[in-house]
Each structure stands twice: as C-alpha cells, then as structure tokens.
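J.: Compute the structure for the input listed below.
(one chain, ligands or ions: 3)
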Amino acid sequence: MEAISYLNSNRELFLNQLFEFLKIPSISNESEYDKETKRCSEWISNHLKNIGMPNVAIYPTAGHPIVYAENLEAGKDKPTVLIYGHYDVQPVDPLELWISKPFEPEVRNGKIYARGSSDDKGQVFMHIKAVESYLKSGNKLPVNLKFLIEGEEEAGSNHLDDFILNHKDLLACDSVLISDTEWFADGVPSLCYSLRGLAYIEITITGPNRDLHSGTFGGAVDNPIMVLSKMIASLRDDYGRITITGFYNDVLNLEQDERDNFNKLPFNYREWCNDLEVNEGYGELGYSTLERTWARPSLDINGIYGGYIGDGAKTVLPSKATAKISMRLVPNQDPEDIANKIKDHLFRILPPTVKLEFKNLHGGNPVIVQRDGKAIQSAMNALYKTYKKEAVFMREGGSIPIVDTFSQALNAPVVLMGFGLPSDNIHSPNESFAVDNFYGGIETSIYYLEELSK
Ligand code: BES
Ligand code: MN
Ligand code: MN
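T.: Ligands and ions are numbered 1, 2, ... in the order given. Next up, the predicted model:
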C-alpha cells in the first residue's frame, strides 16, 4: 500500500488522535501545568513509539523535557531531515471568550478549535502522521528522519540552545523542516523565508517604599504609574519611529525587489482593518503594512500594572508600577545589544524621584533562510503536488528563536513550511486549525520526504 492510501483510509482516526494530544493542557509558561506539560511529553513519545519510530527518547532539562526520535533506516546514501516543532502551548486567558473550552477540542465549520491546534500541536502532528503513513503501510521512510519536539518554545526555548550545542552529532542533518508558521491567506500555500527576532524586557518603577494615602501625600511624592507611563510613551515618536538611541543602527534595509514581491501578494489593507475593527493601521511612515510587520522592527507594551485595579475607588498613591515590553527585531539587530540600548535609554530618562529595576526576560535572533537549494525546492514541489499551485514566498512578523541556532549549530538549511492560517487566532481565544490544512499538511509532508530523497 502507498503512504497516501494509508492517510486516506485513516483520516478520521488521525483527527481523533490529534484531539487526544490537544486535550493535554501543556502550558509551558504556567508552573501549575508542569505536570501536564510533562505528561504531554510522555504522550508524544509514546505515540512516536507506537507509529514505529525505532529510537525514541525523552531528554529532561531544567525546564520542560525535550522529545527526540529517529529513524535512520533509509541508509547512508539518503539525506537526513530533522523535523522540529513544539508541544507546549500558550496560556488560555481570557477563558470566558472561548466558545468551546480550550482543552476540549471540537470541529466547527471545518476548523479544529483548541489551544495549540495550529500553534503548534496540529502542525507537529501532521509530520508524525506522514511518517506513520509510510511505516504502517509497509514502506520504509524515503529519507533518514529525526524528530525534535520541545516543550518550551512559548517560554523562550530556554534550554534548547544548550541541548542543540551539546548534541550536534545526534542532531546532525542535511536540512531542518519546521511547520510553525502561517500561509499568506486561506488557499495560498506559502513558504516563509524570514522571521523577526525578539527582545523582551520588564521594568519596574518604585517610588515610595509603601503605598501611600493619596490625600496625605498626593502632590508631594512622585507617582510611579505616571512616571512609567511617560517613560514608555516616549519610546516612539509621532511618525511611528522608535526613539531609543541607536535602535536602527543594524537594521538591514529592504531591497526594492523584495518590496516589489510584497506588493504582488494579494493583501487588502481595508479588509485587514475591517477584520480588526480598527479605522486605520499604525506604523512607521513610508512603509506598508506588510513591510512594517515583516521587515521593520517594532516595540509594544505587552502589559502594564500597578496601583489599585479592583472595583470602585481607592485613594492610593502606589509604591510600584511595572510594564512588560517586547521588541520585534529584524536582521541584523542583536537582542542583547537592543536590550542594552533600551536599558541605557531608560536609565538616561529616569527622573530622580523614583528607582528603576530592569529585567531582560528573553530574546531571539531574527532570521532569513535560504530561498534556493534542494530542501526548499522539495518543499515547493511537495506543495505543488498537493495543491496544484505554486507556493508564494513570504516573510512573517512572529519569532521562532531556535531557527537561528539550527542554521548555525547544524549548518543545515531550514525550511519554514507552515500550514496555519491568519484566521487561526494563535495565542488568542478560539485558536483553530483548518481540518483541510491538517490533512493537506500530512499529504504535503509525505510528498516532501519523497522529494527530498530524489
Ligand atoms: N509559531 C509562533 C511563531 C509564529 C507566529 C511564526 C506567527 C509565524 C507567524 C511561535 O510559537 C511563537 O509564538 N513564538 C513566540 C516566540 C517567543 C515566545 C520567544 C512569538 O513570536 O511571540
Ligand atoms: Mn509556534
Ligand atoms: Mn506561539
């Protein structure tokens, strides 16, 4: 039997198994879920054994475990592909906005609704089912294959870097395949060739050593929330430029041909605004929306808190205020360097009435991957076989920090062939993954392995 026939006769079973995977609340960022995250690593490693992967191992880390599996039966004259993905998911809040519960997967209107359905369990599972389709239909895999599935991507992949650097031989490969990105639009198969990087910091402003009565002290002691607000508001100017000294020093300028290619993509600014229910977009003057999100850096406040936030009024002059700030970076910006630059900047503008505590939470390098060579060509061919149309090349604004480590440590090209859709609501309530993309992804993965072996 052919691998494709096996897929076609097992569609429902595959979907039900994905549901089992999605039911495990593997939220890597919330320690209450550590047991579940661990259970998820065990579930996926058992599953890899059951589909016939001969070598499966769980590598514990100081954080969440790394799952590794390999099948090298194709032999020395065939290439080796490493497939990376993550089994951890984002937190689910605000829970009340979910139509069905985040860990009780359900199909509605052709979409699988559950936390992690698109990011990234559904996409990891496509490749596992593609491998199963070969192995359980009496075929060998056409290439040597290694799975590396981590549980800390959403928390910054804190232990994966070291793992990769310490296991270069184990992970040696000719190319890396990652499905953790999105298509340009529904019906537009896409290959991503660039991701933004990230610098994530947290700052706390402390004024008086305790909360004060705003009548007894108000007007004579500075207010940390107001200081913080003013400081963060000054981080960008009226033209959407980030004001941190030296912030743009290493930004690689967009080439005209790349801008031309962006312009050819079917992007409708009005529809995009309407979908978000905003009157207008926002951003750096002189750049289009796609350029702003794909190829220009950005700075956002992710959260801000301090003082009294309960019901009604409490007359308090708070002691502290905190903000979480993320900066998306583009080649050749360096997360450490950018974190230092914002740190210097903040201390420079700090008024003498308060103190500043600065934390560098995590970072990731921006990447541009190859757009030519055997691996990417195989991806184009595989997508063509499944969808009967040419894939588009695109960049994306999100980050997968480990991509840069892969290309450097393993010296192998990385292919970013994702199957998410922009409407998947990743990281939001009602995350979904299109059923068609789940099956199309399995089919494409089957073809991809075959193409790679040619
Ligand atoms: N799969 C996403 C990255 C992504 C999202 C790529 C959309 C392309 C389009 C990944 O799981 C993710 O969320 N990454 C984080 C990285 C961070 C936690 C270090 C991100 O981009 O915020
Ligand atoms: Mn992801
Ligand atoms: Mn994510």
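J.: Give me the neighbour count for Asn253.
T.: Residues contacting Asn253 under the criterion other C-beta atoms under 10 Å number 10. To be clear about C-beta, it is placed using only N, CA and C from the backbone, and glycine gets the same treatment.
J.: doesn't it fall inside a helix?
T.: No - assigned with DSSP: H, G, I helix; E, B strand; the rest coil, Asn253 falls outside any helix and is coil.
J.: Next, work out how far apart it and ligand 1 are.
T.: Separation of Asn253 from ligand 1 (C-beta to the nearest ligand atom, to the nearest Å): 22 Å.
J.: Enumerate every residue touching that residue.
T.: Residues near Asn253 by C-beta atoms under 8 Å, 6 or more residues apart in numbering: none.
J.: per-residue pLDDT, it?
T.: Asn253 is assigned a pLDDT of 94 by the prediction.
J.: from now on call the first residue 245
T.: Will do, 245 is the new start, and the previous item becomes Asn497.
J.: Dihedrals phi and psi, it?
T.: phi -70, psi 150 (degrees, to the nearest 10).
J.: Likewise for the one 3 residues further on?
T.: For Gln500, the backbone dihedrals (degrees, to the nearest 10) come out as phi -60, psi -40.
J.: Ala313 now?
T.: Here the main-chain torsion angles of Ala313 (degrees, to the nearest 10) amount to phi -150, psi 150.
J.: Who does Thr566 form a beta bridge with?
T.: In this entry, Thr566 is beta-bridged to Thr448, Tyr549, by DSSP bridges.
J.: For it, give me the pLDDT.
T.: 98.
J.: Ok, Tyr483 next?
T.: 92.
J.: Check the one 10 residues further on too.
T.: At Asn493 the predicted local distance difference test score is 98.
J.: Run a quick neighbour tally on it.
T.: The number of residues packed near Asn493 is 12, by other C-beta under 10 Å.
J.: Now do it against ligand 2, distance only.
T.: Counting by C-beta to the ion, to the nearest Å, the gap from Asn493 to ligand 2 is 29 Å.
J.: sec struct for that residue, please.
T.: Reducing the assignment to helix, strand or coil with three-state DSSP, the entry for Asn493 is coil.
J.: Roughly how far does it sit from Leu573?
T.: Using C-beta to C-beta, to the nearest Å, Asn493 is found at 12 Å from Leu573.
J.: Over to Ala626?
T.: Remark: distance between Ala626 and Leu573 (C-beta to C-beta) = 31 Å.
J.: give the contact list for the closest residue in space to Ile586 that isn't next to it in sequence.
T.: Once flanking residues are discounted, Ile586 sits nearest to Ile488: 5.2 Å by C-beta to C-beta, 6 or more residues apart in numbering. Applying C-beta under 8 Å, 6+ apart to Ile488 gives the contacts Leu479, Leu543, Ile582, Lys585, Ile586, His589.
J.: Which of the residues you listed fall in helices?
T.: In helices, defined here by DSSP state H, the members of these are Ile582, Lys585, Ile586, His589.
J.: Which one of the residues you listed sits in the busiest neighbourhood?
T.: Within the ones in helices among the contacts of Ile488, most neighbours by other C-beta under 10 Å means Ile582, with 26 neighbours.
J.: Let me know the distance separating that residue from ligand 1.
T.: From Ile582 over to ligand 1 the distance is 14 Å, taken as C-beta to the nearest ligand atom.
J.: what's the closest non-adjacent residue to that residue?
T.: Using C-beta to C-beta, 6+ apart, the nearest residue to Ile582 is Ala443, at 4.4 Å.
J.: Likewise for Asn609?
T.: Ranked by C-beta to C-beta, 6+ apart and with sequence neighbours excluded, the top spatial neighbour of Asn609 is Asp648, at 3.9 Å.
J.: ok but that neighbour is inside a helix, no?
T.: Yes - Asp648 sits within a helix when classified using three-state DSSP.
J.: Which residue would be the closest one in the stretch 445-594 of the chain to ligand 2?
T.: Per C-beta to the ion, the residue of the stretch 445-594 of the chain with the smallest distance to ligand 2 is Arg572, at 15.1 Å.
J.: Contacts only, for that residue.
T.: Contacts were defined as C-beta under 8 Å, 6+ apart; by that measure Arg572 touches Arg440, Gly441, Leu442, Pro541, Ser542, Leu543, Asp544, Gly641, Ser643.
J.: if I pick the first one, what's in contact with it?
T.: Just to be clear, that refers to Arg440. For Arg440, the contacting residues are Trp538, Pro541, Arg572, Leu573, Val574, Pro610, Glu640, Gly641, Gly642, Ser643, by C-beta under 8 Å, 6+ apart.
J.: if I look at it, how far off is Arg536?
T.: Counting by C-beta to C-beta, the separation of Arg440 from Arg536 is 11 Å.
J.: Then the third one?
T.: To Arg536, Leu442 is 16 Å away according to C-beta to C-beta.
J.: In this structure, which helix is the longest?
T.: Ranked by residue count and defined by DSSP H, the top helix of the chain is helix 679-697.
J.: same for that helix, what does it pack against?
T.: Secondary-structure packing of helix 679-697 (3 or more C-beta pairs under 8 Å, 6 or more residues apart in numbering; DSSP states H and E): helix 247-253, helix 255-266, strand 355-357, helix 365-379, helix 618-631.
J.: do that again at 6 Å, thanks
T.: Based on contacts counted as 3 or more C-beta pairs under 6 Å, 6 or more residues apart in numbering; DSSP states H and E, the elements that helix 679-697 packs against are helix 365-379, helix 618-631.
J.: And the residue of the chain found nearest ligand 1, its phi and psi?
T.: The shortest separation between the chain and ligand 1 is 2.7 Å, found at Gly642 (distances taken as C-beta to the nearest ligand atom). Listed backbone geometry of Gly642 is phi -70, psi 180, with angles given as degrees, to the nearest 10.
J.: Pairing-wise in the sheet, spell out the partners of Phe677.
T.: Ile356.
J.: Could you pull up the contacting residues of Gly490?
T.: Each residue near Gly490 by C-beta atoms under 6 Å, 6 or more residues apart in numbering is listed here: Lys585.
J.: ugh, wrong one, Ser272
T.: Contacts of Ser272 by C-beta under 6 Å, 6+ apart are Thr281, His308, Asp332, Gly395, Glu396, Glu398, Ala399.
J.: Alright, that wraps it up for me.
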